[in-house]
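When you get a sec, could you give me coordinates for this:
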Amino acid sequence: MLRPFAETDTDAIFALQSNPRVLRYWDSPPWKNRAQAERFIAVCRQMEQEGTGARLAVERTSDNAFIGWCSLSKWNPDYRSAKIGYCFDEAAWGNGFATEAAGTLLQWAFDTLDLNRVQSETDTRNAGSSRVLEKLGFIREGTLREDCIVDGEVSDSWVYGLLRRGWKR
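Numbers count the residues shown, from 1 in each chain. This is a model prediction of the structure:
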């Protein structure tokens, strides 16, 4: 289930974003303090209020446990485009939750927001994220060479794009 973030999610989002395994291929290091989670939730609300994006908590319906988040950001109504991103707890990996959550946001993006293109980027070493995007119909369009340096480690990213006409409901 996708839902807006609440103050009660602070501890769960901090636990997720401070986990080095979860953030292994992220473009920033794991969080060190709880205040970062509070700012994250505030930014989620700000994005929604400004109409620049939506970052939503993902709950597992069987037990209402917080398992991650999924977002549409950088909406551009002139170009009818946005970026999609997601982050899930390692206990949720491999169960289809990221594909289901991202698919729900894509349905909204193409049907309600009338977008023509959604883009995503992932570290070239992150096979799980690449699989999610490819299952959703994204096409790998290129490589951003050495675009991230986190804790001294340089990495490349793949750029994926999905056009409205390539979206499979």
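
most distant residue from the middle of this structure?
Gly152 (23.6 Å; Cα atoms, centre = their mean).

which helices and strands does the helix or strand containing Thr99 pack with?
Using DSSP states H and E, the element containing Thr99 is helix 97-111. Helix 97-111 sits against strand 2-3, strand 53-60, strand 65-76, strand 81-88, strand 117-123, helix 127-135, with contacts defined as 3 or more Cβ pairs under 8 Å, 6 or more residues apart in numbering; DSSP states H and E. To be clear about C-beta, it is placed using only N, CA and C from the backbone, and glycine gets the same treatment.

before we move on, the earlier item: state the pLDDT value of the residue farthest from the centre of the chain.
As predicted, Gly152 sits at a pLDDT of 84.

residues in contact with Leu72?
53-54, 82-84, 105, 108-109, 113, 118 (Cβ atoms under 8 Å, 6 or more residues apart in numbering).

nearest spatial neighbour of it, skipping sequence neighbours?
Ala82 (4.8 Å; Cβ to Cβ, 6 or more residues apart in numbering).

Could you measure from that neighbour over to Glu134?
19 Å (Cβ to Cβ, to the nearest Å).

Between these two, which has more neighbouring residues?
Ala82 (25 against 13; other Cβ atoms under 10 Å).

any chance of the helices and strands packed on helix 97-111 in JSON lines, with distance to Ala15 too?
Formatted as JSON lines, the helices and strands packed on helix 97-111 follow (distance: least, Cβ to Cβ, whole Å):
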{"stretch": "strand 2-3", "distance to Ala15": "18"}
{"stretch": "strand 53-60", "distance to Ala15": "13"}
{"stretch": "strand 65-76", "distance to Ala15": "9"}
{"stretch": "strand 81-88", "distance to Ala15": "12"}
{"stretch": "strand 117-123", "distance to Ala15": "22"}
{"stretch": "helix 127-135", "distance to Ala15": "19"}
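
hmm, back to that, who touches the helix holding Thr99?
Under Cβ under 8 Å, 6+ apart, the answer for helix 97-111 is 2, 54, 56, 58, 60, 67-68, 70-72, 82, 84, 86, 88, 92, 115, 118, 128-129, 132, 135-136, 162, 164, 167, 169.

count of residues packed around Ser81?
17.

so it touches Asp114, yeah?
No. Using Cβ atoms under 8 Å, Ser81 is not in contact with Asp114; the gap is 11.0 Å.

can you count the residues close to Ile67?
Ile67: 22 neighbours (other Cβ under 10 Å).

any idea of the pLDDT on it?
97.

Where does the prediction get shaky in this structure?
Nowhere does the chain drop to pLDDT under 70.

at 80 what do you get?
150-151, 169 (pLDDT under 80).
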